[in-house]
Structure formats: structure tokens, C-alpha cells
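Q: please find the sequence and the predicted model below.
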Amino acid sequence: MTTSAPIIFDSLSKSFGTKRAVDNLSFTVQPGRVTGFLGPNGSGKTTTLRMLLGLTRPTSGTARIGSKHYTELADPLTVVGAALEASSFHPGRTARDHLRAYAPLAGASNKRVDELLELVDLKEAKNQRVGGYSLGMRQRLALATALLGNPRYLILDEPANGLDPMGIRWLRDFLRQLAADGVTVLVSSHILSEVQQSVDDVIIIANGQLRYANPISELHTAARPKTRVVTPNGDAFAQLARTNHWVFEYANGAFDVSDLRTAAVGTAAFSSGIELHELSDRTESLEDFFFRLTSPLPAAPPVGAPVVPADLAPPSGDPSAENTPAQDNGGTQR
Ligand SMILES: Nc1ncnc2c1ncn2[C@@H]1O[C@H](COP(=O)(O)OP(=O)(O)OP(=O)(O)O)[C@@H](O)[C@H]1O
């Protein structure tokens, strides 16, 4: 399969009455990669994907596959496969009958149907009625339906919803294999950990606005570093922290220094002759970072990649805000 053009969202917005569901979204989905499209419930993911697929008309802006809108594609099902919901199957049909009913629309043969049933692990269940399928089986059938036309782009809305850990692992391997074959995969989720191991790139939105766009490998560098320090020289360490305008807290006999890694804190303490009994990395987890990133912001963030809102950027050096003076090293709590 040959490499394709990127998917380009350009200043895309959608309002439903007074509700701004998607707000000036601009980002690019790189070809041949798996891109996670993340955001909390109601953040505008489905609306964005529907606009990409020509199912919802944008209020303004564009979503294009290469240079074309979905509606301009001559043979769309052979270019783009999509699964926006997994439950819209005729319950009385078998999986095989379902795929055979849709196959002509995508120009797929009965042989392709059987290949896909095998590919999504439904071969054994192909003659069972879909009404009796588990959620995971329906998700697989939705995937197979999307792949009927052997598309170069695959758009999946919350495909991991309701899957057990085995199902999530299966999906991860499946998506990775598709990308290895050159398919451009855009997959939405409201849970970072669900897609963390399957995606190359991550787009994070909240309230319809872009909050983050970067390779997943860079996500951990954006998480706010924190260093924990235990020292018998508490007063000296507090003085050092204030002098350097560090943001810190003192509780339960330990200092928590924000926005600094252990090496920087350790080096400064060593230079000042401060004895340390503990120096440990308490950098926030990716999940905490995701929650912080998607919590309400006072103002719209800048658009572009990488995107890190102002309140997530390293401190400007203002020592006044969060600093809590340490009392002593005897376990005094603030
Ligand atoms: N047809 C519609 N009419 C009115 N409001 C809508 C419509 N579709 C979506 N919305 C609203 O737009 C916002 C974004 O919804 P959307 O379904 O795109 O979010 P989402 O991120 O996909 O959420 P979820 O993860 O729950 O599926 C929500 O406030 C939703 O209620």
C-alpha cells in the first residue's frame, strides 16, 4: 500500500445553536501513522469526525483528506473506512450476511468478506446472529465493515469503548499492523490509557478546542516534573528554594519542588552544602497530565503544534504564588 496524503483540519468549527461544539480546530493527521484523537466526553470528537466524513456540515473551516473533502471523493469507501458506532447492525443478520450486504457498496467480493472475518477474528462466529454478539465482537464487525473497500484511511470513533483488556490489546495490535501496511488511522477515545500504547501521535481537545498535538513519545516531556526532597537542613533548603524562585510545598517532612527534575534540585542542594536524605522523581503521570490538560481553561489556547496552554508552561519565575515557606525540618505541616 502506498503512502497517502495527510488529513488536514483547518480552522474547523461547528455550533449547534448557541453551543460551540467544535471551536476553530486546526491539526494535521500524518499519513501511515496511528493518531489518537483524545478528549473528555462531549469535547467535540464525534462532531469533528462527522464533519470529516461529510455527515455534519461545518459552521466554518474545512476538514480534508489530502486536497479533497470526503464528499468530493469519487469512490469514498475505497479511500476512507469509518466506524462511528458499533451497535447499528441488524440483530437478526449474521456477521457474514452483514458484510455481504455492504460489500457491493465498497466493491468488495465474497472472498474479501471471508478474509475480513478471519482478519478480525470472527471466523468462528461468522454464522451467529449479530444480536447475540458481545460488544467486543460488534466492534470487530464494525472494523471489518470499515475495511471492506480496502481503504487507505481508517476513522474510528471510540473503538475501544467497552472492550476488556484482551480486546484492547487485540485492537492495539490490529491498528499497529494496519499502520505498518500504510493505512492512516485516526482513532478517538476519551481515555488516554486506552490508546496510549497504540498511537504514534496524539491530538487532545477539550471544549471543542485544541489543547495538544504532538507525537505520543513527547507527551511525557510535557508532563509537569516534580521532585521530592527530604533533608535534615530544612531551613537552608527552603532558603535555597526561595532564592532560586522555585515553586515548592512542604508537608509531612518533605519538600515537593514543582517544574524541576531531580538532577537540577540535587545539584543546587549539593552546591549549597545541603545534606539530602531523599531526592525522588514525582513527575505527574500521563493520566494526571491529560486531566489537567483537558480541565476548563480561562482563555482559549493558542492553535498549532505543539500546543501547551499557558497554565501548563513552566513558571515565569514569580515566587509569590504557590510557595509555602517551610517551617522547620521537624515535620511541621502547613
Ligand atoms: N446534533 C447535535 N445537536 C446539538 N448538540 C450536539 C449535537 N451533536 C453534538 N452536540 C453537542 O456538541 C458537543 C460535542 O459533542 P460530541 O458528541 O462531538 O463530543 P464527543 O467528544 O464525541 O463526546 P463523547 O466522548 O461523549 O462521544 C456536546 O455538548 C454535544 O451535546
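A: Now that the structure is in, tell me what you want to look at.

Q: could you list the low-pLDDT ranges of this structure?
A: 1-3, 85-87, 297-334 (pLDDT under 70).

Q: up against the ligand, what does it have?
A: 16, 19, 21, 39, 41-47, 190 (C-beta under 6 Å from any ligand atom). C-beta: built from backbone N, CA, C; applies to glycine.

Q: show me what contacts the residue nearest the centre of the chain?
A: Nearest to the mean C-alpha position of the chain, by C-alpha atoms, centre = their mean, lies L38 at 3.5 Å. Each residue near L38 by C-beta atoms under 8 Å, 6 or more residues apart in numbering is listed here: 45, 188-190, 192, 195, 202-205, 290.

Q: if you set the cut-off to 10 Å instead, what comes out?
A: L38 makes contact with 45, 187-192, 194-196, 199, 202-206, 211-212, 290, 293-294, according to C-beta atoms under 10 Å, 6 or more residues apart in numbering.

Q: what's the burial count for D181?
A: 10 (other C-beta atoms under 10 Å).

Q: thinking again about what came up before, filter the contacts of L38 to the buried ones?
A: The neighbour-count test (16 or more other C-beta atoms under 10 Å) applied to the contacts of L38 identifies 45, 187-190, 192, 194-196, 199, 202-206, 211-212, 290, 293-294 as buried.

Q: and those residues, which of them are in strands?
A: Assigned to strands by DSSP state E, the following of the buried ones among the contacts of L38 qualify: 187-189, 202-206, 211-212.

Q: regarding the protein, what is its longest helix?
A: helix 165-180 (DSSP state H).

Q: now it - C-alpha only, CSV.
A: This file holds the C-alpha atoms of helix 165-180, laid out as CSV (Å, rounded to 0.1, in the frame of the first residue of the first chain):
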residue,chain,number,x,y,z
PRO,A,165,-8.1,-5.6,28.4
MET,A,166,-7.7,-8.5,26.0
GLY,A,167,-9.9,-6.7,23.5
ILE,A,168,-7.9,-3.5,23.9
ARG,A,169,-4.7,-5.4,23.3
TRP,A,170,-6.1,-7.0,20.2
LEU,A,171,-7.2,-3.6,18.9
ARG,A,172,-3.8,-2.2,19.6
ASP,A,173,-2.0,-4.9,17.6
PHE,A,174,-4.6,-4.6,14.8
LEU,A,175,-4.2,-0.9,14.4
ARG,A,176,-0.4,-1.1,14.5
GLN,A,177,-0.5,-3.7,11.8
LEU,A,178,-2.7,-1.5,9.6
ALA,A,179,-0.4,1.4,10.0
ALA,A,180,2.6,-0.9,9.2
